[in-house]
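**Q** Requesting a structural model of the entry that follows:
(chains A and B)
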Amino acid sequence: MNETGEFVFLNRSNLKKLSNHLLNFEDNELLFLELINKQFIYFKRDKEAVTRKAIKYRTKKQFLYSGPVLHIFVVTTRCQHKCHYCQITPQSEKAIEYDMPSEIARKSVEMMMEAPSKSITVEFQGGETLLAFDIVKEVILYAKELNENAGKDLEFVLATSLVDITLEQLAFVKEHNINLSTSLDGPEELHNKNRPIHSQNTYKKFIEGYELSQGIVGTDRVSPLLTLSKDSLEKIDEIIEEYQNIGQNSISLRALSPYGFAVKTQSKIGYSADKYINFYLNTLDKIIDMNLNGTYFREEYATLMLRRIFTPYSTGYVDLQSPSGAGINAMVYYYNGDVYPADEARMLAEMGDTNFRLGNVLKDSYSDVFNSKQLEVLVQDSCAESLAGCSDCAYLPYCGCDPLFNYVTQGDHYGNRTTSDFCKKQIAIYEYLFKFIRNKDEKVLNVFWSWMNLDPELIGVKMGEEVVC
Amino acid sequence: MLDLLHKAEHHSTDVDGIRKVVYRQNEYSEGDNVFFTDENVDINENIQTVLTTSKTLFYRYANSKDIQYFETLDEIEDGAIVRIEEGTLFITIRPSSNAHTLFFTSKCNHYCLMCSEPPKTANDDYLISDNMKIIELLDKDLEVIGISGGEPTLLGDNFIKIVKKIREELPETTIRVLTNGRAYTNEKFVKELAAVAGEYLVSEIPLYNAYYAKHDYIVQSKNAFFETIEGFYNCAKYGLRTDVRIVISKQNYNDLDDLIYFIYKNIPFVEHIALMGLEYIGFAVNNIDDIHISPLEYKEQLKDAIHLGRKYSLNVSIYNLPLCLVHEDVRRYAQQSISDWKNEFSDVCNGCDVRDKCSGMFTSTQPHFTDLLEPILIQKNR
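**A** Presented below is the predicted three-dimensional model:
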């Protein structure tokens, strides 16, 4: 493994020869050429070898050049749901003092537009964002107004349960090409259990909203996300089936976050890292088999890891970057004007810990926030290349840091890799994937490429007309 | 490309230069036009320069006009651009052709084993002013103009000067340069070229092997590989577009997948990769034992390379190979890539159902391929 993520499988004897500069061309021409091709070794006369490697490295780290691309607006913390795993403290539906005031919304947009980023994704989070839809509208319209001069690529994502979404709201969503990110936990019983609203059938309400939305804004603009509770682990087959039934060909098997309610009710809905890893890898086996048997279906987290392993490109994912994407690639504007480097940081604030607050839009400028001491520390201590336990890990080129996860689970943002669940989980996934790579399991690797490219045709699932001849 | 040369029986040096052929008298205007007729017609007073295959006409106007007589003149189309020099006529642009190319120089710093246009050392500076003139005469709505050689970038500042002229005269035309890219190690040169041509210029750069020594051997030039790669990077840095051209020969047919991998990991920004069959002309004839390999022998390797490119989401194509010599899984990547004036089919091709989608063969390739061809029949009821 080298800095740019290239890898070669060597036997012990060749590894020894290589590290002692004893490997020679005549004995092992193919291996030698592979090592050159992948830039483990180079010839003295190749004066640009280091430059080429540097370019590759820079390409992989391209996210460092892009600035904050993800801007999360927490427009309200009101919500009608009382989900067991909720990451914040939801306020009652009537508590409008938990909505983002117009002045703060506008100041937040102004700060966002100061970011140097060429592309900007505005993500609305709650609470239930539909309860504060007027603020969503105001943010979008004001951002578009300012963008007439700024000329950035603006995208909008609305995180919502879709429960009770109105035709009027959907007309606005369609008009402004807003993507809808929603939640589906599985079949009816499980969904209702995880995501209760008093005694209503939230599953039915979700399906109504989902179908209505798809009909109006189009199928590819509505994507459901899965949250895994303890009960879900036993019902993964039904969950996958449910996702297929509503027309989805992918799922993301994220572990539950250790924030908000989830910590308090850990024993009731949570699970250990070992249990999760076991579940995740078994489920991946099943999903891979589905694909081998001709049904195209993706697991998104594995897809992200595979892109890191195989492609030469930078893959933005703020929760797994080195240095961490918190702050440098993402900003969170809380309903009261406070600015945080990550969604998890505002969730901590909900629990009373404002350690990671970077400033407030009413009194601080973009540069105050971006140059704050808190952010400096976060970046410094989240370069995996210099962290104990990461710097000498084989999987370093594909991995990253989540300093907030460390902080919550281990008490400091630097973290300790030897006891880290995060680290344990990552290594288990890399080892699982590399098993197929090392065994040159072409059929499974083909499935992996079909995931990375979002291309079902690679596993023989026809998408359109075939060219005759 | 300079081709189809004709010798005049009688000539006047006043006709010499780059000229555009005009068939209809009323379309002739003073300047760079030359009127062509094969009949004994009356010629308007304003027409001064004439080409003809009519001897009678020649004698009628021999004393009053700059007229040149040829015994035969094939394929000299209305609107063609020709160079006339002391009674010799070269056709440089034929409007009906599917590819128009400006020939910049015969000189080259590579001596590729399979070169189809072997370099010459003679002074050919006249091509600079010729090309400047040709560019003025080209159709303004031309989609693509090719630049070829030799190595066109050896012209240095004059290369940029001619490209600039194309941009001025043909602002909507895409310029495709066949170059080995080594001149692009000079950042100043790349920067100037990018300023002049920007996204309207695509460099088509050959890369034959991922291993430098093998590439350098094929192009017969030391440091070629490293400099070419550096050239790719400089192009990317200044926003110049690049394509890769891989000519498949005995020297590299087993290494195609490594090369695709190298491209993906190191220069994934290239817009297109063409995997190309050989043209058996020029140096290729002399070096045939070193380079010749039947497409049937590398069928699997080519298929694998295309599939790998597809996995990497690279834009890959196959050039210069008839469909029946390409693995059926990757036939849809085969393009009709051969310029019409050197494109041929064989008799057996008449029974083939996909002849109209096939590239056919180079005139020079045909003898090597004819025995291998097998018409493709589409099953009607599937």
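**Q** CA only for contacts and neighbour counts going forward, please
**A** Will do.
**Q** where along the stretch 151-300 of chain B do the strands fall?
**A** Using DSSP state E, counting those that start in this stretch, the strands found in the stretch 151-300 of chain B span residues B:174-178, B:201-206, B:241-247, B:272-276.
**Q** which residues touch the last one?
**A** Here strand B:272-276 makes contact (Cα atoms under 8 Å, 6 or more residues apart in numbering or on different chains) with B:242-248, B:314-321.
**Q** are any of these buried, and which?
**A** Using 16 or more other Cα atoms under 10 Å in any protein chain shown as the burial test, those include B:242-248, B:314, B:316-321 as buried.
**Q** quick one: which of these is nearest to chain A?
**A** B:L314 (11.0 Å; Cα to the nearest Cα).
**Q** tally of neighbours for the nearest residue to A:I165 once chain neighbours are set aside?
**A** When the adjacent residues along the chain are set aside, A:I165 lies closest to A:G209, with 6.0 Å between them (Cα to Cα, 6 or more residues apart in numbering or on different chains). For A:G209, the tally of surrounding residues (other Cα atoms under 10 Å in any protein chain shown) stands at 18.
**Q** Can you classify A:G209 by secondary structure?
**A** helix (DSSP: H, G, I helix; E, B strand; the rest coil).
**Q** quick one: A:N371 and B:H6, what's the gap?
**A** 75 Å (Cα to Cα, to the nearest Å).
**Q** A:N177 contacts A:F156, correct?
**A** Yes - between A:N177 and A:F156 there is a contact under Cα atoms under 8 Å: 7.3 Å.
**Q** re earlier: closest to A:S386 among the buried ones among the contacts of strand B:272-276?
**A** Closest approach to A:S386 among the buried ones among the contacts of strand B:272-276 (Cα to Cα): B:L314, at 34.6 Å.
**Q** helix, strand or coil for that closest one?
**A** coil.
**Q** residues in contact with it?
**A** B:264, B:268, B:271-273.
**Q** which among those end up buried?
**A** B:264, B:268, B:272-273.
**Q** Reformat those residues as a markdown table; add distance to A:R221 and pLDDT.
**A** What follows is those, written out as a markdown table (distance: Cα to Cα, whole Å; pLDDT from 0 to 100):
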| residue | distance to A:R221 | pLDDT |
| --- | --- | --- |
| B:Y264 | 31 | 95 |
| B:P268 | 29 | 93 |
| B:H272 | 31 | 98 |
| B:I273 | 33 | 98 |
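**Q** Could you pull out the buried residues of whichever strand or helix holds B:F369?
**A** Applying DSSP states H and E as the criterion places B:F369 in helix B:366-369. Residues B:366, B:369 are the ones in helix B:366-369 that count as buried (16+ other Cα under 10 Å).
**Q** Give me the neighbour count for the residue nearest to A:L35 when sequence neighbours are not counted.
**A** Nearest residue to A:L35 in three dimensions, chain neighbours excluded: A:I41, at 5.9 Å (Cα to Cα, 6+ apart). A:I41 has 15 neighbours, counted by other Cα under 10 Å.
**Q** isn't A:I41 right up against A:L31?
**A** No - the criterion here is Cα under 8 Å, and A:I41 misses it with A:L31 at 11.1 Å.
**Q** Quick check: closest non-adjacent residue to B:L57.
**A** Per Cα to Cα, 6+ apart, closest to B:L57 is B:N40, 4.9 Å.
**Q** Let me know how buried that neighbour is, in neighbour terms.
**A** 14.
**Q** which residues touch it?
**A** B:54, B:56-57.
**Q** what's downstream of the helix or strand containing A:E145, the next helix or strand?
**A** According to DSSP H and E, A:E145 maps onto helix A:133-150. Using DSSP H and E, the helix or strand that follows helix A:133-150 in sequence is strand A:153-159.
**Q** Quick check: buried residues in that following strand?
**A** A:155-159.
**Q** do the same with stretch B:369-382
**A** Per 16+ other Cα under 10 Å, stretch B:369-382 contains these buried residues: B:369, B:373, B:375-376.
**Q** what does the stretch 201-350 of chain B put close to chain A?
**A** B:210-211, B:226, B:230, B:258, B:262, B:264-266, B:268, B:311-313, B:328, B:331-332 (Cα under 8 Å from any Cα of the partner chain).
**Q** Please repeat the previous calculation with a cut-off of 6 Å.
**A** Residues of the stretch 201-350 of chain B lying near chain A by Cα under 6 Å from any Cα of the partner chain: B:K265.
**Q** State the distance from whichever residue of the stretch 201-350 of chain B sits closest to chain A to A:A394.
**A** Nearest residue of the stretch 201-350 of chain B to chain A: B:K265, at 5.4 Å (Cα to the nearest Cα). To A:A394, B:K265 is 19 Å away according to Cα to Cα.
**Q** repeat for B:E77
**A** 67 Å.
**Q** Check A:S223 too.
**A** Applying Cα to Cα to A:S223 and A:A394 gives a distance of 34 Å.
**Q** Check B:R83 too.
**A** 65 Å.
**Q** Count residues in the vicinity of residue 176, would you?
**A** Here I'm looking at chain A. Neighbours of A:H176 using other Cα under 10 Å come to 15.
**Q** Can you look at chain B instead?
**A** There are 20 residues near B:R176, going by other Cα under 10 Å.
**Q** quick one, which of A:N371 and B:H6 is more surrounded?
**A** B:H6 (17 against 12).
**Q** Who is the residue nearest to that one when sequence neighbours are not counted paired with across the strands?
**A** With Cα to Cα, 6+ apart as the criterion, B:H6 has its nearest non-adjacent residue at 5.0 Å, and that residue is B:L89. Counting by DSSP bridges, B:L89 is bridged to B:H6, B:I84.
**Q** Neighbours of B:L89, how many?
**A** Residue neighbour count, defined by other Cα under 10 Å, stands at 22 for B:L89.
**Q** Break chain B into its domains for me.
**A** For chain B, automatic domain parsing gives the domain ranges B:3-86, B:101-330.
**Q** Nearest the middle, which residue of the chain would you pick?
**A** Since you didn't name a chain, this refers to chain A. The centroid of chain A falls nearest to A:Y317 when counting by Cα atoms, centre = their mean (4.8 Å).
**Q** Can you look at chain B instead?
**A** Residue closest to chain B centre, computed by Cα atoms, centre = their mean, is B:T101 at 5.5 Å.
**Q** quick one, phi psi at it?
**A** B:T101 adopts backbone torsions of phi -130, psi 140, taken as degrees, to the nearest 10.
**Q** B:A80 contacts B:F90, doesn't it?
**A** No - applying Cα atoms under 6 Å, one finds B:A80 not in contact with B:F90, separated by 10.4 Å.
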